[in-house]
Structures are given as C-alpha cells and as structure tokens.
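Asks: Structure for this input, please:
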Amino acid sequence: MMNRREALKSKLIIAGALSTVSLSTLISSCKTDTKDAWIAEFCTADEIKILEVLTEQIIPKTDTPGANDAMVHRFIDSAVNDVLESDEQKIIRDGLSSIEAMAKSAHSKSYVDIDANQRDAILQAKVDEAVKGDAEQYFFPLIKQLTLAGFFTSEIGSTQVLTHNPIPGEFLGCVPFGENDVMMAQVGGAY
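Replies: Alright, predicted model coming up:
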C-alpha cells in the first residue's frame with residue numbers, strides 16, 4: 001500500500017515527464033515551416049492551387065506584399081477545416097469547383113493556367129453572382145472575407161501593410177486645468 005507522500009511524488013514524476021514531452025512537441029512545432037512541408041487539411045492539392053491564385057488575385061503583390069507572401073491560402077484551408085460549419089465548407093468547395101469549371105469551359109485550361117485578364121473575368125462573374133443573389137452567391141463574399149482576415153492578421157500583413165499609431169498626437173501628461181475643466185473633472189464628466 002502506497003502512502004499519500006509516495007503517491008504525490010509519483011504523480012509529480014509522471015506530470016514532469018508529460019510536460020517534457022509536451023514542451024519538446026511545442027518547441028519542435030515552432031520551427032519555420034517550409035513551403036514543401038505543409039499539407040492541406042481541407043482542400044485537395046488542385047483546390048489549394050486555385051485558392052493560391054485566387055487569393056493573390058484578391059490581394060495582389062504590388063509595392064506591398066500580396067496574399068501569397070502571407071500564405072493566406074494556408075490560413076483559409078485551416079479556417080475552413082477548423083472553424084467553418086459543413087454548409088460553409090460546401091460553399092467553399094463548390095465555389096472552387098465552379099471557378100475551375102468556368103475556366104475549363106471558357107478557355108479549355110485550368111484556372112491556374114489562364115492569364116490574369118481571363119481570371120479577372122471569371123472573378124467578376126463570381127462577384128456578379130453574389131450581387132444578383134444566384135445559387136453560389138455566398139462564395140465570393142466568404143472567400144474575400146477569409147482572404148482579408150488571413151492577410152491582415154498575418155505577420156506580413158500586419159507589419160508591412162498596416163500602420164499602427166498607438167497614441168495619435170503628442171502626449172502631455174501635466175496640463176493645467178481651466179476653471180470649467182476642474183468642474184467637469186469634479187462632476188465626473190467625460191470629454
């Protein structure tokens with residue numbers, strides 16, 4: 001029979017061993033991910049290629065980074081897999097399939113192989129569907145929202161594109177109050 005002190009020691013040893021394994025897993029997961037090592041969770045390989053081209057079309061690289069620089073397609077794949085409901089997942093999958101079908105129908109090529117003007121025409125058709133309220137009306141607004149969220153929450157989007165001004169203007173800590181200001185401060189009024 002084990003006494004309480006021995007039981008606590010054995011539990012601490014087990015907890016220490018588990019935390020060491022968890023810590024080593026955490027540290028190994030923090031390594032820089034290479035483009036070749038990533039595996040999609042939701043999308044097929046063909047859908048990822050379409051998604052990569054589509055997101056870059058929504059946020060293209062100019063004098064600032066584009067969606068591919070921030071690897072937004074990875075964010076979207078993960079978000080669709082982990083966050084979206086099954087009906088929204090179906091919208092994404094059907095929308096990507098529809099884009100590919102439109103490219104093959106109009107140009108006899110995959111969406112990723114057609115030129116930028118042809119892709120723009122297909123994307124405009126998707127925007128028009130959303131405006132008219134056609135069957136696939138939710139695809140473009142959803143993919144655009146995911147693209148923007150993925151880009152502007154990425155390190156690249158938030159540090160190289162967005163600007164942050166934590167205190168607009170000059171901070172003056174000691175400012176004398178006027179007569180009315182003191183009365184407002186005493187009453188508890190806000191400016």
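Asks: F75 and Q145 touch, don't they?
Replies: No - in this structure, F75 is not within contact of Q145 by Cβ atoms under 8 Å, at 11.8 Å. The C-beta positions use only the backbone N, C-alpha and C, and glycine is treated the same way.
Asks: Between those two, tell me which one has more neighbours.
Replies: Ranked by neighbour count (other Cβ atoms under 10 Å), F75 and Q145 place F75 first, with 19 against 11.
Asks: dump the residue contacts of that one.
Replies: Taking Cβ atoms under 8 Å, 6 or more residues apart in numbering as the criterion, F75 is in contact with L146, A149, G150, T153, S154.
Asks: Just put those in JSON lines and tack on neighbour count, secondary structure and pLDDT.
Replies: Rendered in JSON lines, the data for the contacts of F75 read as follows (neighbours: other Cβ atoms under 10 Å; DSSP: H, G, I helix; E, B strand; the rest coil; pLDDT from 0 to 100):
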{"residue": "L146", "neighbour count": "24", "secondary structure": "helix", "pLDDT": "91"}
{"residue": "A149", "neighbour count": "15", "secondary structure": "helix", "pLDDT": "91"}
{"residue": "G150", "neighbour count": "23", "secondary structure": "helix", "pLDDT": "91"}
{"residue": "T153", "neighbour count": "13", "secondary structure": "coil", "pLDDT": "89"}
{"residue": "S154", "neighbour count": "20", "secondary structure": "coil", "pLDDT": "89"}
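Asks: Out of these, which is nearest to A67?
Replies: Looking at the contacts of F75 and their distance to A67, the nearest is G150, at 7.5 Å (Cβ to Cβ).
Asks: ok now do the closest one, which residues does it touch?
Replies: G150 sits in contact with T55, A67, A70, V72, F75, I76, A79, where contact means Cβ under 8 Å, 6+ apart.
Asks: The first one - nearest residue in space that isn't next to it in sequence?
Replies: The shortest distance from T55 to any residue that is not its chain neighbour, by Cβ to Cβ, 6 or more residues apart in numbering, is 3.8 Å, and that residue is A67.
Asks: Run through who's touching stretch 96-105.
Replies: By Cβ under 8 Å, 6+ apart, the surrounding residues in contact with stretch 96-105 are 43, 46-47, 50-51, 54, 109-111, 113-114, 118-119, 122, 125-126, 136, 139.
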